[in-house]
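Engineer: sequence plus the predicted model coming up.
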Amino acid sequence: MHPIAEFFDGAAEIQAEIAQRDLDTTDHTAETARVIARHHPNRLTLTVSEVVVETATTKTFRVGNGDPLPPFLAGQYVNVFTDGTSRPFAISSSPARLDHYDLTVRRVRGGRISNQLIDALAAGDTITTTGPMGTFHHNPLFHGEDVVFLAGGSGVAPAMSMIRDIVDNDLERRFHLIYGSRDEQDVIFGSELDALAAELPNLTVDHVIAEPSATWSGRTGFLTAALIEELTGPLNGRMVYVCGPQALYPYALEQLTVLGHPRRRIRFEANGAPARPEAQPHWPADVDPAGEVTVTVKGRSFRTPRNRPLLDALEDQGVQPEAACRSGECSLCRVRVLRGQVHTAEEAKLRMSDAKFGYTHSCVAYPLTDTEVDF
Amino acid sequence: MSDFDAIVIGAGNAGLTAAATLQRGGKRTLLVERHNVPGGCATSFRRGRFEFEVALHQLSGIGTEEQKRITLRGLFGKLGITDKLEFVEEHDLYRSVVPGVLDVTLPADWDGAVDALEAAFPGNRVRVQKFFDLVKQTTYWQMAAMRGTPAEQVDAVVFRQGLRPTQDVLDEHFDDQRIKLVLGSYWSYLGQPPSVLRFQDMAMLLFAYLEFKPWHLRGGSQAMSTAILDSFLEAGGQVRFNTAVTRILTRNGAVCGVRLDDGEEVSAGAVVSNASTPLTYGMLDPDVVPHSVRRDIGSRRIGISAFVLHMGLDATPAELGFNASTSFVFADMDDDRTFQAMRTLDPVRGICVSSYDIEPIGFAPTGASHVSLMTLQYADAWDKVAPEDYARTKFAYAETLIDLLEKMTPGVRDAIEEVDVATPLTMMRYLGHPGGAIYGFDQDATESWQFRNSEREPGVTGLYLAGSWAGYGGFQPTLEAGARVARRILRFTAA
């Protein structure tokens, strides 16, 4: 007790209350860890129980650890760590079924990790992931209960989870999926989607095939404004989700804008660093994107091409900053630029103070000159 | 020789000011933080076109240039960061609303607040003046008493009034229930209702904002956290992010270093913990923690957490009807019932509404605005929710906050462009605090400085505690606590 406390009216009663209180004997260290692990574990160690061949280029890996997995919102992803790097994959399974997550992976031409997973990952193998993350999910506070999803290729994975959510949780939500694929053989979850659409009055699934075979009788071509409007009718501010290859995004935005759809009612799933950072207007005109510069981190220096994201360049050297979305959004791979000039791509969602103090998101940042970073 | 002179666990407000003060005072200091950005609560994140302030509602204790000897302005000066920060002054203390009952905005000024209350509730001018006078007297003499002024030199006003419940003091001054509710509105910054909260705590809070004004920062609290880290790094400090301390190591009963989550052991003669008190002692060998310390902690209660909606709205504050940066909206006049509801998932009964674009901090694009809705809530109710029901429960509860907001500013729901929700479990995840507590232990009578002193007497040689668990919660108190603890280490080792 403070020496002056005794002069305060009421001090003796308070002192007595302290003395007679039951002692809190909870192990708060264990309790806190338990709650965090249940909802937001830093890492999950998951075993592949089943591999489903979806198409010639796509597999679904069913993973779990024997315990109920952390809950997620349909549309969220986990980041899979492998071979010194990581890749985010949307969960395609239902959020009502927490005994497993399904990760649906499609081959990316020239992609290292997607091909490794498809070629090598087998039942019984173990992978390390983050917990579920991301903001690409239905938010009932403002998305409304009548939504549209434009999917391209494996971008259907989060839509599949959203649809399974509607089915398993018996939601009233109306869901219209417009799903573009290159050809009929590329369609993922085709029979399940068609069966559910036949069964559920609130679910509509339209396939659009870019390069159809002679026997295809459905829609063809691209997801044009005219086609979207024909299939959905007036959008009337319905939330539109877009997930697919990078090229789909500016195209979908343009088509939706033609329809007068407000930007704030469109949600794009983050999908990697820009393929051509030098194509962005703020890339300096006279700087060769393929040219090499020296990057220094924690006392080590190495050469890397300017158009390789800093995060990948660091991982090439065995230096692994924390990472998750690898698309500029989540900020986990934030690094400080101590020296040199860095091109931060438009995808980076930096905090206002980051620019002032020299921080960037390494997954979408490119060293234009010799550069030193720290994290 | 030790690897470092000092190790600071946690880069929250107190951890940052402790680390920067130590390093700038010549101590080789390692700062260890589990997350990847500095700040703890003092941070922000991006959604769409918006950046969202996580925790800073109103920064107290900035004051004017003339007041800097005793304010945060002085501390920021010592850390060399004043030029890196842009302070934004709020002109109103707050707006208090009980739909259909009262709607009063108090300017952040003693005389202006008296005038506003007289205008809203005529006939109370003298009573309000008397109340404010007691607020000033109690605060002044409380500071003197805390700093060791002999009892005979301390005005007895603080002895008579300091430990009374705030509600008793309000009841004694006023008959009109409405004016009491308005003057007690700040209780959500301390976590206990006026019937529990001691008057010395409420007086100090009112004094801090009325005398030194409420402020915001351009770039939000993250700008401040980053600036303090910058001050630390510039002075040669070392920081490790994405790293947790798992053990505080001792030799012969005295702290000698820490073990990190990768197994590495780092030695230092002083460890400052900005982590929660229960988890800090949980990192020590139980044998070195004195019985008196264990008893003290056991008699304290894990404090309240919060539920927050971070919103990006596609309209300006004026278009939406926000006229004060800070508003408190209560369902009715019953503060005790509002507090009781914070242990449940019943519809919310009291929210703090922060509109960050009345005096813009820069987080919303032109024509839009960033608003946060916060209610206090204990984590227990959320821990009982089955994981598979968590999201549904979270959004359903969030709707009740928007419902209450709509009673002050109808139409807000239609302007929502982005919204993200944080529950007490979110606080737990990011702060690592038991119960997701945001102000440390429950600030009831037993938590008064007269009875608790873990900041000055942590009970283990070489261990120091700095932050909301070892003193008052909130930005100003924790920023000051870190610097204060660091100065004590500097004095102690210089002697």
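Structural biologist: Yes, it's here.
Engineer: how about A:Ser114: what's its closest non-neighbour residue?
Structural biologist: Computed as CB to CB, 6 or more residues apart in numbering or on different chains, the closest residue to A:Ser114 that is not its neighbour in sequence is A:Val108, at 4.5 Å. Backbone N, C-alpha and C define where each C-beta goes, glycine included.
Engineer: pretty sure that neighbour is touching A:Asn115, no?
Structural biologist: Yes: using CB atoms under 8 Å, A:Val108 is in contact with A:Asn115, at 7.3 Å.
Engineer: contacting residues for A:Arg164?
Structural biologist: Counting by CB atoms under 8 Å, 6 or more residues apart in numbering or on different chains, A:Arg164 makes contact with A:Ala74, A:Ser93, A:Ser94, A:Pro95, A:Ala96.
Engineer: from A:His361, how far off is it?
Structural biologist: 32 Å (CB to CB, to the nearest Å).
Engineer: check B:Phe232 too.
Structural biologist: For B:Phe232 relative to A:His361 (CB to CB), the value is 22 Å.
Engineer: what's the answer for B:Gly80, then?
Structural biologist: According to CB to CB, B:Gly80 and A:His361 sit 27 Å apart.
Engineer: between these two, which one's more packed in?
Structural biologist: Using other CB atoms under 10 Å in any protein chain shown, the more surrounded residue of B:Gly80 and A:His361 is A:His361, with 31 against 16.
Engineer: A:Pro277 touches A:His343, doesn't it?
Structural biologist: Yes: A:Pro277 lies in contact with A:His343 (CB under 8 Å); the separation is 6.2 Å.
Engineer: next structured bit after the helix or strand where A:Arg87 lies?
Structural biologist: Element membership of A:Arg87, judged by DSSP states H and E, is strand A:85-90. Remark: after strand A:85-90, the chain's next helix or strand is strand A:101-106, criterion DSSP H and E.
Engineer: can you pull out the strands in the stretch 51-200 of chain A?
Structural biologist: A:58-64, A:77-82, A:85-90, A:101-106, A:126-129, A:146-152, A:174-181 (DSSP state E, counting those that start in this stretch).
Engineer: redo the ones you listed as JSON lines? Include mean neighbour count and distance to A:Phe268.
Structural biologist: Listed next are the strands of the stretch 51-200 of chain A as JSON lines, based on neighbours: other CB atoms under 10 Å in any protein chain shown; distance: least, CB to CB, whole Å:
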{"stretch": "strand A:58-64", "mean neighbour count": "22", "distance to A:Phe268": "21"}
{"stretch": "strand A:77-82", "mean neighbour count": "22", "distance to A:Phe268": "14"}
{"stretch": "strand A:85-90", "mean neighbour count": "23", "distance to A:Phe268": "13"}
{"stretch": "strand A:101-106", "mean neighbour count": "24", "distance to A:Phe268": "18"}
{"stretch": "strand A:126-129", "mean neighbour count": "17", "distance to A:Phe268": "23"}
{"stretch": "strand A:146-152", "mean neighbour count": "23", "distance to A:Phe268": "10"}
{"stretch": "strand A:174-181", "mean neighbour count": "23", "distance to A:Phe268": "15"}
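Engineer: CSV for those strands, including distance to B:Gln443 and mean pLDDT?
Structural biologist: Conversion of the strands of the stretch 51-200 of chain A to CSV gives the following (distance: least, CB to CB, whole Å; pLDDT from 0 to 100):
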stretch, distance to B:Gln443, mean pLDDT
strand A:58-64, 43, 98
strand A:77-82, 39, 97
strand A:85-90, 41, 97
strand A:101-106, 42, 98
strand A:126-129, 40, 98
strand A:146-152, 44, 98
strand A:174-181, 47, 98
